[in-house]
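# predicted structure and sequence below. I'll ask about it afterward.
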Protein chains: 4
Amino acid sequence: MTAPQYGHAFALWRDHAPQWRAYTHHAFVEGLRQGTLPQENFLHYLRQDYVFLIHFSRAWALAAVKAGNLSEMRAASGTVHALVHHEMPLHLELCAREGIDAAALEATIEAPANLAYTRYVLEAGYSGDFLDLMAALAPCVLGYGEIGARLAGSGGPYAQWIDTYGGAEYQGLCRDVGALIDDALVHRLGAQWHSLPCATCLSQRFATATALEVGFWDMGLAGP
Amino acid sequence: MTAPQYGHAFALWRDHAPQWRAYTHHAFVEGLRQGTLPQENFLHYLRQDYVFLIHFSRAWALAAVKAGNLSEMRAASGTVHALVHHEMPLHLELCAREGIDAAALEATIEAPANLAYTRYVLEAGYSGDFLDLMAALAPCVLGYGEIGARLAGSGGPYAQWIDTYGGAEYQGLCRDVGALIDDALVHRLGAQWHSLPCATCLSQRFATATALEVGFWDMGLAGP
Amino acid sequence: MTAPQYGHAFALWRDHAPQWRAYTHHAFVEGLRQGTLPQENFLHYLRQDYVFLIHFSRAWALAAVKAGNLSEMRAASGTVHALVHHEMPLHLELCAREGIDAAALEATIEAPANLAYTRYVLEAGYSGDFLDLMAALAPCVLGYGEIGARLAGSGGPYAQWIDTYGGAEYQGLCRDVGALIDDALVHRLGAQWHSLPCATCLSQRFATATALEVGFWDMGLAGP
Amino acid sequence: MTAPQYGHAFALWRDHAPQWRAYTHHAFVEGLRQGTLPQENFLHYLRQDYVFLIHFSRAWALAAVKAGNLSEMRAASGTVHALVHHEMPLHLELCAREGIDAAALEATIEAPANLAYTRYVLEAGYSGDFLDLMAALAPCVLGYGEIGARLAGSGGPYAQWIDTYGGAEYQGLCRDVGALIDDALVHRLGAQWHSLPCATCLSQRFATATALEVGFWDMGLAGP
């Protein structure tokens, strides 16, 4: 499958992430598509994803701290705001409909695969610069976009989840994030950034975060 | 003058910051109140304040990264959003009206007093925890509130600036930030936090940031 | 088994870490004691431990950055120096004797359990303060001390590993680190620190790092 | 005057730092060379420099955290060790001979110019990557080397200070740090790093740190 049009860096990094297909075509994803995923696995995933979203929001806030100019700062802080003030309330609502109230969500014990992924991303951001953070954040944002686009219209019990990520709004966000990354790369490293030694390092960060996404789906599939 | 009602920690820290009065009653502030501050000094201040706001927004984004729970995260990310998407555009507009366009603002060379202050706050946040960051951020947020409240209704050429900080919206923000700080202290250190050794360290951070505010007004008064 | 004399905080945190026994009496540890651990598992562990040591050294360097006074800085920087200039060369030597040369070590692909642990510790240090970092570092330093003390004199193929951690020098280091932690707590939070709300948070960090140590032994036992 | 042989990046950055000559030929420096600097100014400088060394050591420890490979980590942690376990004791000894004991040194109140400089360097390191930190650290390390080399053999009351920085050991350190920087640049950005957009940003960091060195000498000259 060709890459969705989320920019140059994404296309390149995606090609060099050995587990990209394992992530985007994971049995958990196929279970969502075909509607065969047991509900308790989905609920387990939702609970963990709530904890994930908290740390993911922190990582985007770190991107605002590390932004190199006003437009990067606006993009990053806009994403934090959307996550904290829209995505997380929606998540709470979705969980509530499934009988998981806010207190239950707050009490979720972070699974090891969840902890590994979020701390990897945050540490990449703290120890590296804005680009390191972007490379570590990209597989989640853009991978969900690719999965959503592929699964769009599948219907079934998980249609709402699928339509969130396959919908026009989320796809637009993916194009924006892809452009943010491409601009940030060119702005710092020039148009030939992909031929520099550090490009390998960034690509490696993307690949590691992709592998950690596989671990996250594995956790969802294994269940509570 | 008694402290405005911005919470317990503020009242305590304010009392132990030797330069609090030098900051809130600075000649620059009196010049704003009496309308005697030369316009070129005000414009110099506005330009530097624009650069300050960028780093100040980054520091609040760092607070979102370091937040200990969802309510702290919401407060911090809400502040970043307000700064980046409302305060900074307003600042741009105010400057534009004075003949300073966006390009001129972007080209502002950061004055040493500005750099000293912003880097002190950011480093306090990076090296310390959420409380260290709050103690370093408080003098700016709450001191402007106290100044605005005292100067409210002074009129004159700087009435817009005065009314921004003396107005109900900003005063409400100050009470919210004061409550955020009080809650964060009690949540981590208990109700008797002020008797712990680290209380001295936090109070010292507030005092140092207050001294750096004096340096910022000095810079404004010295002019471009 | 009573706790070794590594200080007050250790005794308290150890008691509240549900997986402390699972960590210190892990099948991998028993395999070292009885000499029944297959060599290839030991070598797999050694390779991963080399990568671990690099990130562990970085975490101690972060402790030097976050130190609150000169004596904390000296202790932390002394530990980094010992790790980078003594422990790692020793590790290289031990691996070389087993036929793993430096290039092979450098080429080690970090196992997920390894990555999870090291990034958790580093992120705790970046997002929190010196105490958060100490609580996250303690299970490794002091747990190896407790294991070494218990296994001392077991002999067998892993006698050198056992004697390193059971020996007087490492046991002295554990007492020093325990004292560093106790002093740091009292210095910031006072003698009654254990009754403050943040004590729960620190204890939780220790417990999470302990759980990640169990994951590390699991990884060693699973083999390459 | 041509640049000392401390590597390519240094030669380039030095040429683009408008205040390099103002720093290396500052009246304070000339006062050291000619022996005309009043002793109380030198003692004021020594006290502030002690506080500076603490934060400077923390910044080098941060370099160890952010190192990209073992050789960078060794270089950075070796520098921290030298600073904390050799340079600072020497500083204490030098001060003691001048009648300033350890307690007096510890009680030094950090001057604004000192605070501005050290927090700028630390924040550059936290927000950026290893290269940003190196560019911010370089003016101090290498500028003192250039000053020492120029003043070597001047004799007079400040001969010991001059000979420390002009001596073979410190000059060797400067060449090592210069090589560390050059290698780090090529390792990440390739041999043509100076033509990339981020080269301007690094050069700017060096120039800002140089300007902050001028502020430090100004502070020494102004006296206590």
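Perfect, I can see it now. Numbering: from 1, shown residues only, chains lettered A, B, ... in the order given.
# ok, is the helix or strand where A:Ala207 lies in contact with chain C or not?
Using DSSP states H and E, A:Ala207 falls within helix A:197-222. Yes - counting by C-beta under 8 Å from any C-beta of the partner chain, chain C is contacted by helix A:197-222 at A:208, A:211-212, A:215. C-beta here means a position set from N, CA and C on the backbone, and glycine is covered the same way.
# likewise for stretch A:132-152?
No - if you take C-beta under 8 Å from any C-beta as the test, stretch A:132-152 misses chain C, and the best it gets is 10.6 Å.
# quick revisit: which of the residues of helix A:197-222 next to chain C ranks first by neighbour count?
A:Leu212 (26 neighbours; other C-beta atoms under 10 Å in any protein chain shown).
# so which bits of chain A are right by chain C?
Residues of chain A lying near chain C (C-beta under 8 Å from any C-beta): A:58, A:112-113, A:115-116, A:119-120, A:122-123, A:126-127, A:208, A:211-212, A:215.
# so which of these also contact chain D?
A:126-127.
# out of the residues of chain A next to chain C, which are inside helices?
Applying DSSP state H to the residues of chain A next to chain C, the entries found in helices are A:58, A:112-113, A:115-116, A:119-120, A:122-123, A:126-127, A:208, A:211-212, A:215.
# and which of the residues you listed is nearest B:Val177?
Distance to B:Val177 across those (C-beta to C-beta) is lowest for A:Arg58, with 19.8 Å.
# isn't that closest one up against B:Ala76?
No - using C-beta atoms under 8 Å, A:Arg58 is not in contact with B:Ala76; the gap is 10.0 Å.
# which neighbours do the two have in common?
B:64, B:67 (C-beta atoms under 8 Å, 6 or more residues apart in numbering or on different chains).
# just the residues of chain A next to chain C now: which is nearest chain D?
A:Ser127 (5.5 Å; C-beta to the nearest C-beta).
# got a list of what that closest one touches?
Taking C-beta under 8 Å, 6+ apart as the test, what A:Ser127 contacts is C:58, C:122, C:126, D:65-66, D:129.
# out of these, who has the most neighbours?
Highest count within these by other C-beta under 10 Å belongs to D:Val65, 29 neighbours.
# over to that residue: give its phi and psi.
D:Val65 adopts backbone torsions of phi -60, psi -40, taken as degrees, to the nearest 10.
# and it, what does it touch?
A:127, C:58-59, C:61-62, C:65, C:122.
# closest to chain B among those residues?
Nearest to chain B among the contacts of D:Val65 is C:Val65, at 6.5 Å by C-beta to the nearest C-beta.
# next one: that closest one, what pLDDT does it get?
On the pLDDT scale, C:Val65 is placed at 98.
# how close does A:Ala211 get to B:Gly31?
Applying C-beta to C-beta, to the nearest Å, the value for A:Ala211 to B:Gly31 is 60 Å.
# helix, strand or coil: sort out A:Ile100 for me.
Look at A:Ile100: counting by DSSP: H, G, I helix; E, B strand; the rest coil, its state is coil.
# ok, so of the residues of chain A next to chain C, who is nearest C:Ile162?
A:Pro112 (28.0 Å).
# measure how buried that closest one is and give me the count.
The burial count for A:Pro112: 19, using other C-beta under 10 Å.
# burial of A:Gly167, as a residue count?
14.
# how close does A:Ile181 get to A:Leu131?
From A:Ile181 to A:Leu131 the distance is 8 Å (C-beta to C-beta).
# also A:Leu62?
When A:Leu62 is compared with A:Leu131 (using C-beta to C-beta), they lie 13 Å apart.
# low-confidence stretches in chain A?
A:1 (pLDDT under 70).
# could you say which helix or strand holds the residue most central in space within chain A?
With distances taken as C-alpha atoms, centre = their mean, A:Cys140 lies nearest the centre of chain A, 1.7 Å away. Using DSSP H and E, A:Cys140 falls within helix A:130-151.
# just the CA coordinates for that helix, please, in PDB.
The C-alpha coordinates for helix A:130-151 follow below in PDB (Å, rounded to 0.1, in the frame of the first residue of the first chain):
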ATOM      1  CA  PHE A 130      12.300  19.400  18.400                       C
ATOM      2  CA  LEU A 131      13.000  17.000  15.500                       C
ATOM      3  CA  ASP A 132      13.800  14.000  17.700                       C
ATOM      4  CA  LEU A 133      10.400  14.600  19.400                       C
ATOM      5  CA  MET A 134       8.600  14.900  16.100                       C
ATOM      6  CA  ALA A 135      10.100  11.600  14.800                       C
ATOM      7  CA  ALA A 136       9.000   9.900  18.000                       C
ATOM      8  CA  LEU A 137       5.500  11.400  17.900                       C
ATOM      9  CA  ALA A 138       4.900  10.800  14.200                       C
ATOM     10  CA  PRO A 139       4.100   7.000  14.200                       C
ATOM     11  CA  CYS A 140       1.200   7.400  16.500                       C
ATOM     12  CA  VAL A 141      -0.400  10.500  14.900                       C
ATOM     13  CA  LEU A 142       0.200   9.500  11.300                       C
ATOM     14  CA  GLY A 143      -0.200   5.700  11.700                       C
ATOM     15  CA  TYR A 144      -3.600   6.100  13.200                       C
ATOM     16  CA  GLY A 145      -4.400   8.300  10.200                       C
ATOM     17  CA  GLU A 146      -3.200   5.600   7.800                       C
ATOM     18  CA  ILE A 147      -5.200   3.000   9.600                       C
ATOM     19  CA  GLY A 148      -8.300   5.200   9.800                       C
ATOM     20  CA  ALA A 149      -8.100   5.900   6.000                       C
ATOM     21  CA  ARG A 150      -7.800   2.200   5.200                       C
ATOM     22  CA  LEU A 151     -10.600   1.100   7.500                       C
END
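# name the next helix or strand following that helix along the chain.
Scanning forward in sequence from helix A:130-151 by DSSP H and E, the next helix or strand is helix A:159-166.
# just the buried positions in that next one, please.
Under the neighbour-count criterion of 16 or more other C-beta atoms under 10 Å in any protein chain shown, helix A:159-166 has A:159, A:161-163, A:165-166 buried.
# same deal with stretch A:166-178?
A:166, A:170-171, A:173-178.
# what of stretch A:12-20?
A:12-14, A:17, A:19-20.
# what do you get for stretch A:71-83?
Buried-residue list, stretch A:71-83, by 16+ other C-beta under 10 Å: A:72-83.
# return only those of those found close to chain B.
A:73-74, A:76-78, A:80-81.
# from those, which single one is nearest D:Leu105?
So of those, ranked by how close each gets to D:Leu105 (C-beta to C-beta), first place is A:Met73, at 40.4 Å.
# what residues are up against the closest one?
Contacts for A:Met73 (C-beta under 8 Å, 6+ apart) come out as A:64, A:67, B:54, B:57-58, B:61, B:84.
# what strand or helix carries it?
For A:Met73, the element it lies in under DSSP H and E is helix A:70-82.
# what's the following helix or strand after that helix?
Next in sequence after helix A:70-82, counting helices and strands by DSSP H and E, comes helix A:88-97.
# would you mind writing the CA trace of that following helix as CSV?
Provided in CSV are the C-alpha atoms of helix A:88-97 (Å, rounded to 0.1, in the frame of the first residue of the first chain):
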residue,chain,number,x,y,z
MET,A,88,-9.8,13.6,26.3
PRO,A,89,-13.4,14.7,27.1
LEU,A,90,-14.5,12.7,24.0
HIS,A,91,-12.6,9.7,25.3
LEU,A,92,-14.2,10.1,28.7
GLU,A,93,-17.6,10.2,27.0
LEU,A,94,-16.9,7.1,24.9
CYS,A,95,-15.7,5.2,27.9
ALA,A,96,-18.7,6.4,30.0
ARG,A,97,-21.0,5.0,27.3
